[in-house]
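Q: No letters, just coordinates:
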């Protein structure tokens, strides 16, 4: 075989003995050789034949093979035009040599830019191997070469079919199945499923049915059924519409009759009302005349009573007791007026006293606040004076005005003192609130892990960081000294914090940038108003000689080595004195409680210098604790000041006892004395009245009172008589108007043409005719409402009919479109649709029978035939000690379906007219409904489940059960569980025998078998037995074999070839070598 420009093979010639093993690592080019052979033998160039054995997926395509595609998507041959050749040379038993091959011309990256021709040559592969000085023959050059032989057997083929027919003829193969069986054998892979093997490798039947035609027929039938159902629904709805329309027409006739009765009752009622009104007017006239006589008599009685009362009043005026009583009543009235005024003053005195007492009590609560200075006022004594004023208010005549005026003066003094404190207290409270807000802000910073450094220090640090970075071109670290070391001995913290209270806030920059920082500081000090803080020159800092004792420097740990000299300079000369006796032993020393000895003097450091710790990261926690304590104290102070402020805002002592009130009080005291004087006068007048004059006065008063009562009774009687008279007059007017109105209406009204019905004329009372009118009105209203509802229902039914069937008929009540529609949908229309539906059902079931039952039955019979043919072939050949047989039986799980599908009675008969249909009607309908429901299923999940079930039922393998017998014993139970590949042997034998059966063993034709990885799961012993069977059948075989089996199996092969791929000049190049490594097949 010759390969030129095929994948990574540039030019390779292979020769094959009878039994050849082809091996090599994955990706080394084994499958490329097998696919090249398939391309020549099968006469096909589609991608489906390529490399199917490894993973049953097409991993190569034709353009990939021709251009040499790499895994990264690039190509070995990706520039310019080139040609490729695949040519297989055959030699028959008579030593005749001939070739079959294919030539490709590639001019671009797509198959549209690819041209190829199959050819046959009754000659061996020429020595030039279709190349001329390194140039590969293209199609034109190849055609010229073939024409040069002037032999019909040396030619190109215009179609694949011509090539395949000639190939079979030349190879003496008569069986049309050769190409399918050969392709199946090449791509055969070990499997464990007997059914899958039968379908793919024995009968080549499509497992699934094509249900499209049947589903179309069923769809037509379903549509016809839907149309029939639509016609029935139309007739049903139209019948309801027609019935309701007829009922409404009958109700309209009854409504017209009732309206005639209503008009007659209305006219008769007016006649009766006119008679009743005339009788009522006559009764009102008689009553009015009687009432006028009664009113005249009452007026005469009233005049007599008034005359008697006048005589009694004249007698009372001459009585002495009455004259004195008149004076007494005058004094009493004056006294009551004065008491009202004095009572108002008393209430104000009490109310103001209570308010004063309450405000003084509030002031007592804050009396201890130093800024108020209220102790000198003796608030308790003032409160006692207020209580006395409240008690004295009960008797104004004895009220001590001088004491109350003194109380007013004292309240004014207290008020002036409070007013002088209010302003300063407000300022103090505001300062405390600002202090509390600042402390809370500091707490937030500390809780966030940030020390509360002074703002000016942070501003200086920020400016240095920003400007140094701008000058240097990179970030320069600027640190605060307190962040660069920590205190390890906490007992000396206050001493260290206090001793370097300012230096601990110094800023530290890298030594090389000190002068840059200095210049920046100098430039911004006035602009930013920054003073006090320093920048450390760590390059110059050198500690002095340290004492031979523990110093403050021994109590700290410095994080940065370059900063340590400066810290030692600050703390290294200060000795820590544990005992007071050693304090004077050193120039500078300090105790843990911050007593500092320096310059031959001792002092205690100000606690403010170390109250807020800054040194070390742990100082944050200490600052936080201190800040929390300060917040608590400040919050308590604010709360107290707010309470005092609130009390002072509510106290207004001067406004309570005002000058206006004092004037009112003086006036009230004067009026209280006038009340006492009037009381004395009243007592004197009452003492002057005699018992006889009083008794006479009492008798006269009783008589006058009785006369008043009698006069009132007569007056009320006159009012009642007048009211009755007015009502009668109004009633007479209304009655007269009613009579005039009824006369007018009777003149205008038309008497009913047909007279008054007897049922109406028999009614003689107005109430009775009104009840009759009400009864007629209710019946008419109820009937009319019912008609309106019926019309609405009718329109709704008509609209529903339009919406349901998408018809634009007029739904109005008066339109008769629906009556015409009702007449159109007669029984004959429905019967016609029933006939059409029956015909569609028959066609659907015929198609169901042919495309489902008959199709599956045909596949089952074909499978049985193929298995019988396979078994006959297998019986002629034994595999070692084993004799194999494939068995096909009914799947008992689907026995009912199987019997129905394979029933002979269905052959040539209409399904619906058979006894089979009667016996299996439910089962047939179940199948039919499942298939027909697919096209109308809307629920995606249910559709997938139903589709899966229909696909399963449309596979002939569903109804069959396959098995393999080994010497009469079933292998179904052991398939997939045994090792060594013994369960693969029967499959392999079946494939081999199937391939053998398509060759004509009696002729000297082709007897070639190619297997791609068929022996992967067999042990060595089984492989050897397979090779012996190949030899016994006379096969020439090319077998792709795993590399791990080569060393043990090479003895049963005539040759072993190893495919390899190497890198040459940056490209992959494939070659084939013999396994012995002594002899290599040259490319």
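A: The structure has been received and is ready for your questions. Keep in mind the model is a prediction, meaning the values are calculated, not measured.
Q: Please count neighbours and contacts with C-alpha atoms only from this point.
A: Fine.
Q: residue ranges of the helices in the stretch 651-800 of the chain, please?
A: 653-656, 659-688, 691-748, 758-761, 766-805 (DSSP state H, counting those that start in this stretch).
Q: Point out the most buried one among the ones you listed.
A: Highest mean neighbour count of those: helix 653-656, a mean of 18 (counted as mean count of other CA atoms under 10 Å).
Q: Can you add mean pLDDT and give the helices of the stretch 651-800 of the chain back as TSV?
A: Compiled in TSV, the helices of the stretch 651-800 of the chain are given as follows (pLDDT from 0 to 100):
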stretch	mean pLDDT
helix 653-656	65
helix 659-688	76
helix 691-748	83
helix 758-761	76
helix 766-805	83
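Q: Mind checking those for the one nearest to residue 582?
A: Residue 582 sits nearest to helix 653-656 of all the helices of the stretch 651-800 of the chain, at 66.6 Å, using CA to CA.
Q: Can you report how many residues neighbour residue 299?
A: Using other CA atoms under 10 Å, residue 299 has 14 neighbouring residues.
Q: I figured it was touching residue 718, is that so?
A: Yes - counting by CA atoms under 8 Å, residue 718 is a contact partner of residue 299 at 7.5 Å.
Q: what's the residue found closest to residue 729 once you drop the neighbours it is linked to in the chain in contact with, if anything?
A: Once flanking residues are discounted, residue 729 sits nearest to residue 288: 7.8 Å by CA to CA, 6 or more residues apart in numbering. Applying CA atoms under 8 Å, 6 or more residues apart in numbering to residue 288 gives the contacts 725, 728-729.
Q: Then residue 502?
A: By CA under 8 Å, 6+ apart, the contact list for residue 502 reads residue 533.
Q: So what's the predicted local confidence for it?
A: What the model reports as pLDDT for residue 502 is 87.
Q: Residue 240 now?
A: 80.
Q: got the angle between the helix or strand harbouring it and helix 766-805?
A: Here residue 240 is covered by helix 212-317, with elements defined by DSSP states H and E. Counting by axes from the mean of the first three to the mean of the last three CA atoms, to 10 degrees, helix 212-317 lies at 150 degrees to helix 766-805.
Q: Average pLDDT for the helix or strand that helix 212-317 is followed by, rounded please.
A: Sequence-wise, the next helix or strand downstream of helix 212-317 (DSSP H and E) is helix 320-365. Helix 320-365 shows a mean pLDDT of 74.
Q: ok now helix 320-365, how far from the chain's centre?
A: 77 Å (CA atoms, centre = their mean, to the nearest Å).
Q: That one - contacts with which helices or strands?
A: Under the contact criterion of 3 or more CA pairs under 8 Å, 6 or more residues apart in numbering; DSSP states H and E, helix 320-365 touches helix 379-392, helix 619-650, helix 653-656, helix 659-688, helix 691-748.
Q: go with 10 Å
A: On a contact count with 3 or more CA pairs under 10 Å, 6 or more residues apart in numbering; DSSP states H and E, helix 320-365 meets helix 212-317, helix 379-392, helix 401-447, helix 619-650, helix 653-656, helix 659-688, helix 691-748.
Q: Mind checking what secondary structure residue 533 has?
A: At residue 533, secondary structure determined by DSSP: H, G, I helix; E, B strand; the rest coil is coil.
Q: With adjacent residues omitted, what lies nearest to it?
A: Nearest residue to residue 533, sequence neighbours excluded (CA to CA, 6+ apart): residue 506, at 6.0 Å.
Q: Against residue 500, how distant is that neighbour?
A: Using CA to CA, to the nearest Å, one gets 10 Å for the distance from residue 506 to residue 500.
Q: Residue 462: neighbour count?
A: Neighbours of residue 462 (other CA under 10 Å): 12.
Q: now residue 279
A: With other CA under 10 Å as criterion, residue 279 counts 11.
Q: now the one 5 residues further on
A: By other CA under 10 Å, 15 other residues sit near residue 284.
Q: residue boundaries of the strands in the stretch 951-1083 of the chain?
A: For the stretch 951-1083 of the chain, the strands defined by DSSP state E, counting those that start in this stretch occupy 960-966, 969-970, 1008-1012, 1036-1040, 1055-1064, 1067-1074.
Q: returning to what we had before: can you redo the helices and strands packed on helix 320-365 as TSV with distance to residue 334?
A: Listed next are the helices and strands packed on helix 320-365 as TSV, based on distance: least, CA to CA, whole Å:
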stretch	distance to residue 334
helix 212-317	23
helix 379-392	24
helix 401-447	25
helix 619-650	41
helix 653-656	31
helix 659-688	8
helix 691-748	24
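Q: what about the ones you listed, which gets the closest to residue 999?
A: helix 212-317 (37.3 Å).
Q: so the closest one versus helix 691-748, what angle?
A: Per the same axes, to 10 degrees, the angle that helix 212-317 makes with helix 691-748 is 140 degrees.
Q: ok now stretch 734-741, how far from the chain's centre?
A: 78 Å.
Q: Mind jotting down where the helices sit in the stretch 951-1083 of the chain?
A: For the stretch 951-1083 of the chain, the helices defined by DSSP H, counting those that start in this stretch occupy 985-998, 1020-1032, 1043-1049.
Q: Point out the most buried one among the ones you listed.
A: Most buried of the helices of the stretch 951-1083 of the chain, by mean neighbour count (mean count of other CA under 10 Å): helix 985-998, with a mean of 22.
Q: Next, the nearest residue to residue 168 once chain neighbours are set aside: secondary structure please.
A: Distances taken as CA to CA, 6+ apart put residue 174 closest to residue 168, at 6.9 Å, once the chain neighbours are dropped. When classified by three-state DSSP, residue 174 comes out as coil.
Q: domain ranges for this protein?
A: If you go by automatic domain parsing, the domain ranges for the chain are 2-192+977-1074, 238-317+703-820, 453-611, 829-970.
Q: and residue 663, which of those domains is closest to it?
A: domain 238-317+703-820 (44.8 Å).
Q: and the end-to-end length of the closest one?
A: Start-to-end, domain 238-317+703-820 (CA to CA) is 10 Å.
Q: same question, stretch 1012-1029
A: Start and end residues of stretch 1012-1029 are separated by 18 Å (CA to CA).
Q: any idea of the pLDDT on residue 465?
A: On the pLDDT scale, residue 465 is placed at 93.
Q: Please tabulate the helices of the stretch 651-800 of the chain in JSON lines, including the columns distance to residue 26.
A: As requested, the helices of the stretch 651-800 of the chain are arranged in JSON lines below (distance: least, CA to CA, whole Å):
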{"stretch": "helix 653-656", "distance to residue 26": "111"}
{"stretch": "helix 659-688", "distance to residue 26": "120"}
{"stretch": "helix 691-748", "distance to residue 26": "119"}
{"stretch": "helix 758-761", "distance to residue 26": "115"}
{"stretch": "helix 766-805", "distance to residue 26": "67"}
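Q: Ok, which of the ones you listed comes nearest residue 124?
A: Here helix 766-805 is closest among the helices of the stretch 651-800 of the chain (CA to CA), at 78.8 Å.
Q: C-terminal to the closest one, what's the next element?
A: Next in line after helix 766-805, if elements are assigned by DSSP H and E, sits helix 817-824.
Q: Now do that following helix against helix 212-317, angle only.
A: Angle between the axes of helix 817-824 and helix 212-317 is 140 degrees (criterion: the same axes, to 10 degrees).
Q: can you list contacts of helix 817-824?
A: With CA atoms under 10 Å, 6 or more residues apart in numbering as the test, helix 817-824 has contacts from 234-242, 245, 798, 801, 808-812, 816.
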